[in-house]
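Participant: what follows is a predicted structure for the sequence shown.
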Amino acid sequence: MNESNSILAQLSQPGKRSIAVLIDPEKCTDDNALKSLLEKSAFAKIDFLFIGGSTVTRKEFDKAINLIRSLTKIPLVIFPGSAQQISSKADAILYLSLLSGRNPDFLIGHHIQSATELYEMDIEVIPTAYLLIDGGTQSSVAYVSQTTPIPRDQKSIVKQTAIAGKLMGKSLIYLDAGSGAKFNVPATMIKELTFLNVPIIVGGGIRDTNTIRNLHDAGANVVVIGNKIEDEIDFLLDINNYKSNLCN
Ligand code: 1GP
């Protein structure tokens with residue numbers, strides 16, 4: 001793979017305001033609905049598709065990834081909920097370390113389980129510092145990982161954790177308020193991490209283009225949307241308008 005074409009290079013491009021649509025294979029059992037989602041995502045100039053979920057089985061995951069791969073050219077990135085969620089059909093995998101938590105399974109355990117298979121696969125592996133931030137509801141990631149998110153007013157803990165992630169060699173920081181969060185990660189929190197010069201992905205509870213704009217303005221490289229598009233697929237039209245008014 002050419003370094004400049006890598007997914008990491010694409011999502012690190014300075015000033016590029018990327019948007020990712022998160023597809024949870026557990027929820028997309030209707031092939032026609034998935035097809036329509038992919039068509040509308042291409043129309044809206046979505047930059048990345050993320051695929052994964054906290055409780056997805058390998059069977060659901062493989063079925064969805066095969067179908068997505070056959071239907072779209074949008075770069076496909078695994079956002080894994082467990083060691084079961086790996087596939088050479090994706091372009092890249094976010095190799096998540098849940099640094100906000102203290103559960104060894106999510107810091108190193110799942111990695112060891114999948115390491116040999118992943119090492120032999122032709123897939124870009126992106127070491128990612130994954131931080132859960134309290135979003136006002138108990139997220140499925142917090143429940144499944146049995147970890148406590150960082151309180152949203154504890155900016156210094158977020159900062160220290162992100163610095164530790166960089167020092168550990170992570171290439172990305174993913175700040176997640178959790179799927180269906182009541183409150184998204186505050187833009188000010190993103191702004192305070194830009195000094196690290198590590199690309200930032202933000203997700204959880206983002207439901208309107210003003211919030212997307214604020215997060216991009218604050219320095220987020222990629223904004224991830226899941227639930228809002230599952231609930232209202234035409235939100236992709238709003239995203240299309242937003243993207244069309246950007247200069248990149
Ligand atoms: C969750 O960041 C994602 O990990 C997306 O969250 O489903 O709330 O958009 P939503």
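Facilitator: Nice, I can see it.
Participant: could I get stretch 80-87 in PDB with only the CA atoms?
Facilitator: Output of stretch 80-87 as PDB, limited to C-alpha atoms (Å, rounded to 0.1, in the frame of the first residue of the first chain):
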ATOM      1  CA  PRO A  80     -14.300  -3.300  16.400                       C
ATOM      2  CA  GLY A  81     -16.300  -4.100  19.500                       C
ATOM      3  CA  SER A  82     -14.400  -7.400  20.000                       C
ATOM      4  CA  ALA A  83     -11.700  -9.700  18.600                       C
ATOM      5  CA  GLN A  84     -14.400 -11.300  16.500                       C
ATOM      6  CA  GLN A  85     -14.700  -8.200  14.300                       C
ATOM      7  CA  ILE A  86     -11.800  -8.500  11.900                       C
ATOM      8  CA  SER A  87     -11.800  -9.000   8.100                       C
END
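Participant: can you list contacts of it?
Facilitator: 51-58, 61-62, 65, 78, 93-94, 96, 109-111, 113-114, 117-118, 121, 123, 141, 144 (C-beta atoms under 8 Å, 6 or more residues apart in numbering). C-beta: built from backbone N, CA, C; applies to glycine.
Participant: among these, which are in reach of the ligand?
Facilitator: Checking those against the ligand by C-beta under 6 Å from any ligand atom, not one of them is in range.
Participant: give me the buried entries from these.
Facilitator: 51-54, 56, 61-62, 65, 78, 93-94, 96, 110-111, 114, 118, 121, 123, 141, 144 (16 or more other C-beta atoms under 10 Å).
Participant: what's the mean pLDDT across the strand or helix carrying I173?
Facilitator: Assigned by DSSP states H and E, I173 falls within strand 172-176. Strand 172-176 shows a mean pLDDT of 98.
Participant: chain center to it, what's the gap?
Facilitator: Offset of strand 172-176 from its chain centre (C-alpha atoms, centre = their mean, to the nearest Å): 8 Å.
Participant: run the contact check for the helix or strand following it versus the ligand.
Facilitator: Scanning forward in sequence from strand 172-176 by DSSP H and E, the next helix or strand is helix 187-191. No: using C-beta under 6 Å from any ligand atom, helix 187-191 stays clear of the ligand, with a minimum separation of 13.6 Å.
Participant: what strands line up against the strand holding I173, and which way round?
Facilitator: strand 124-132 (parallel), strand 200-203 (parallel) (DSSP bridges).
Participant: near the ligand at all, it?
Facilitator: Yes: figure legend: strand 172-176 in contact with the ligand (C-beta under 6 Å from any ligand atom); contacting residues D176.
Participant: elements contacting the helix or strand where L11 lies?
Facilitator: Using DSSP H and E, L11 sits within helix 7-12. If contacts are counted by 3 or more C-beta pairs under 8 Å, 6 or more residues apart in numbering; DSSP states H and E, helix 7-12 sits against strand 48-51, strand 124-132.
Participant: the same query, at a cut-off of 7 Å, please.
Facilitator: Helices and strands touching helix 7-12, by 3 or more C-beta pairs under 7 Å, 6 or more residues apart in numbering; DSSP states H and E, are strand 124-132.
Participant: any idea which helix or strand comes after the strand it packs on?
Facilitator: Sequence order places helix 140-145 as the next helix or strand after strand 124-132, per DSSP H and E.
Participant: that'll do, ta.
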